[in-house]
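Engineer: Here you go, sequence then predicted model.
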Amino acid sequence: MKEIPNIDELLNSFIDGELTQRHQTEVQRLISHDPRVAQRVRELQKTKMLVSSLPTAEAPADMAERVKASLEKMPIPREQPSRFDQRKGARYLLVRKVLAAAAMIGLVAVLTVVVYTIVAPEKLSPATGFKARLELKTSNLPAVDSAINKAIENSGLSGFVSPRRQGNKSVYAITCSRDALGLFLADMQNVWRRFDSATLFVDAKPPGKQVVVNDVKPEQIANLITPVKPKLTGPEKTSETPPGQPEKTQKIHLTIVVAGSE
Amino acid sequence: MTGAQNINIDDAVLVEQCRRGDSAAMEPLILKYQDRIYNVILKMCANPDDAAELTQETFVKIIENIDRFEGRSSFYTWAFRIAVNLTLNYCQRSAKHGYSSLDADDNEHSRHASAQLKEFLNDTSSPDPAAVAQSKELCEIVANTLMKLDDPQRTVIVLRDIEGMNYAQIAKVLDIELGTVKSRLSRGRNNLREILGAILK
């Protein structure tokens, strides 16, 4: 028996029915030829028998209720997403990220437009603005200067005019609203007869092209700067803009050049 | 064993129902395995109250982790792996096995049982199971002797001789090699016999 390594393991496998048919036959032959092996097998069988003959114990009858109660007492575990849900979640996350990025780009674009509208320098649109040069000739320049300055003052344009003298010429660069210029022109009607000539050069499209109006009258200029407005049935909207302050869409640039006659 | 053992419902169906959140499927699983798991645990820890507690804990763990059961092994070996691991942890933690001293049980019944056991072991005739099972005192001596084995040997013997697992199933439950199962079983049975022989002298 001692010559065979792990003989006990072999015999235990034999009594447990874990040997192949060939090994089982070999062990049976060994048992029949060697009484010591036969005795050892009996000992092992008895030892095994002692354990396997122990009475079977039954679990408490309320085991299922105990388990349920124990599960109910436990905090609700966070749901473990399945692998499918994780993949679905990843796709959903990707879509969300793309949508969020698109929304951010859109928001930035809108904000850019808004900020640009607020802070960008206002451009004079030919359709809404008016840029012209009025050339006047008079034999009594000081009187005309005085009348023009008075008209500027009366129409509240004092802060919007840059007067300068160029030799025998007085230049008044006016940037104001249409209404303010209308008041100014109305005030200028009394002095208009003092002009020997009055020529208006109006900037037109394309840029660089001009329309020339000879012997122009104040009311004609007023008509030119006044756009056709739809007739409103309700009360007229009062402008909250101060008289001289140019309105955003009705800015007028008028340069008046008064030249003294020789 | 019990009527619960005879419930012939495919584990895979019940497990799948549990995975889908069907709490009604838990009960048949518990009823099917509660006695077998409890019996194994009790033979390993020798304390009925702790065995009940550990059985309950086993089923809670099974239900909690049912999603992780991938079906690569059978539900049977997976469930027993949980039960055995919990019990071995318990044994290591508590270091109290709950068995009574054999010397302290020195009354007429135990003396008779000892004599009966000695005769059984020394007799050269073939073993008679009835002779062992009919004596309560004799069973107590054997159960207590079983507790004197170290945990790995006792576990293999319980899974083989109490639960009736084959070697491959034991290897799966304990996550050990087949050769390790054989050697532990061989040494365990040998030690068990030696301890019994020393007690009965």
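Structural biologist: Happy to help now that I have it.
Engineer: tell me which element the residue positioned nearest the centre of chain A falls in.
Structural biologist: The centre of chain A sits closest to A:Leu107, judged by C-alpha atoms, centre = their mean, with a distance of 1.3 Å. Taking DSSP states H and E as the criterion, the element that holds A:Leu107 is helix A:83-119.
Engineer: Can you report how many residues neighbour A:Pro35?
Structural biologist: 10 (other C-beta atoms under 10 Å in any protein chain shown). Backbone N, C-alpha and C define where each C-beta goes, glycine included.
Engineer: What values do phi and psi take at the closest residue to B:Ala83 other than its chain neighbours?
Structural biologist: Once flanking residues are discounted, B:Ala83 sits nearest to B:Thr58: 4.3 Å by C-beta to C-beta, 6 or more residues apart in numbering or on different chains. Here is the backbone geometry of B:Thr58 (degrees, to the nearest 10): phi -60, psi -50.
Engineer: Verify the stated contact: B:Thr58 with B:Leu86.
Structural biologist: Yes. Counting by C-beta atoms under 8 Å, B:Thr58 does reach B:Leu86; the two are 5.7 Å apart.
Engineer: so what sits against both of the two?
Structural biologist: B:Ile41 (C-beta atoms under 8 Å, 6 or more residues apart in numbering or on different chains).
Engineer: which one of the two has more residues nearby?
Structural biologist: Under the criterion of other C-beta under 10 Å, the comparison of B:Thr58 against B:Leu86 puts B:Thr58 first, with 27 against 20.
Engineer: which ones are touching that one?
Structural biologist: By C-beta under 8 Å, 6+ apart, B:Thr58 lies in contact with B:Ile37, B:Ile41, B:Ala79, B:Ile82, B:Ala83, B:Leu86.
Engineer: cool, and B:Gln34?
Structural biologist: B:Gln34 makes contact with A:Ala59, A:Met63, A:Ala64, B:Ala4, B:Thr55, B:Phe59, according to C-beta under 8 Å, 6+ apart.
Engineer: Let me know whether my guess that it is in a strand holds.
Structural biologist: No. Checked against DSSP: H, G, I helix; E, B strand; the rest coil, B:Gln34 lies outside a strand; its state is helix.
Engineer: tell me which element the residue in chain B that chain A sits nearest to falls in.
Structural biologist: In chain B, the residue that lies nearest chain A is B:Tyr38 (3.5 Å; C-beta to the nearest C-beta). B:Tyr38 is part of helix B:26-45 when elements are defined by DSSP H and E.
Engineer: how far out from the middle of the chain is that helix?
Structural biologist: 10 Å (C-alpha atoms, centre = their mean, to the nearest Å).
Engineer: what does stretch A:169-189 give?
Structural biologist: 44 Å.
Engineer: now do stretch B:158-171
Structural biologist: 9 Å.
Engineer: Could you list the buried residues of it?
Structural biologist: Neighbour-count burial for stretch B:158-171, counted by 16 or more other C-beta atoms under 10 Å in any protein chain shown, picks out B:Val158, B:Leu159, B:Arg160, B:Asp161, B:Ile162, B:Glu163, B:Met165, B:Tyr167, B:Gln169, B:Ile170, B:Ala171.
Engineer: quick one: which of these sit in strands?
Structural biologist: Judged by DSSP state E, strands contain none of these.
Engineer: which ones are touching the residue nearest to the centre of chain A?
Structural biologist: A:Leu107 neighbours (C-beta under 8 Å, 6+ apart): none.
Engineer: Give me the pLDDT for it.
Structural biologist: Confidence at A:Leu107, expressed as pLDDT, is 88.
Engineer: burial count for A:Pro207?
Structural biologist: Residues contacting A:Pro207 under the criterion other C-beta under 10 Å number 7.
Engineer: How much space separates it from B:Val84?
Structural biologist: Distance from A:Pro207 to B:Val84, counting by C-beta to C-beta, to the nearest Å: 94 Å.
Engineer: so A:Ala132 makes contact with A:Ala204?
Structural biologist: No. Using C-beta under 8 Å, A:Ala132 is not in contact with A:Ala204; the gap is 9.8 Å.
Engineer: out of the two, which sits in the busier spot?
Structural biologist: Neighbour count, other C-beta under 10 Å: between A:Ala132 and A:Ala204, A:Ala132 has more, with 21 against 13.
Engineer: That one - that's part of a strand, no?
Structural biologist: Yes. Assigned with three-state DSSP, A:Ala132 falls within a strand.
Engineer: Retrieve the pLDDT associated with the residue nearest to it when sequence neighbours are not counted.
Structural biologist: Using C-beta to C-beta, 6+ apart and skipping the chain neighbours, the partner closest in space to A:Ala132 is A:Val202 (4.4 Å). We have a pLDDT of 84 for A:Val202.
Engineer: what are the phi and psi values for A:Val202?
Structural biologist: Dihedral angles (degrees, to the nearest 10) for A:Val202: phi -110, psi 130.
Engineer: tally of neighbours for the nearest residue to A:Leu185 once chain neighbours are set aside?
Structural biologist: Counting by C-beta to C-beta, 6+ apart, A:Leu185 lies nearest to A:Pro218, which is 4.2 Å off, once chain neighbours are set aside. Here the number of neighbours of A:Pro218 (other C-beta under 10 Å) works out to 19.
Engineer: can you list the domain ranges for chain A.
Structural biologist: Domain assignment of chain A by automatic domain parsing yields the ranges A:7-52, A:130-229+A:243-260.
Engineer: between those domains, which has the poorest average model confidence?
Structural biologist: Among the domains of chain A, domain A:130-229+A:243-260 scores lowest, at a mean of 81.
Engineer: give me the residue from chain A nearest chain B.
Structural biologist: Closest residue of chain A to chain B, C-beta to the nearest C-beta: A:Ala59 (3.5 Å).
Engineer: Burial check on that residue, number of neighbours?
Structural biologist: 27.
Engineer: which parts of stretch A:140-156 are buried?
Structural biologist: For stretch A:140-156, by 16+ other C-beta under 10 Å, it's A:Leu141, A:Val144, A:Asp145, A:Ala147, A:Ile148, A:Ala151, A:Ile152, A:Ser155, A:Gly156.
Engineer: Now go through the residues you listed and say which are in helices.
Structural biologist: Among the buried residues of stretch A:140-156, the members found in helices (DSSP state H) are A:Leu141, A:Val144, A:Asp145, A:Ala147, A:Ile148, A:Ala151, A:Ile152.
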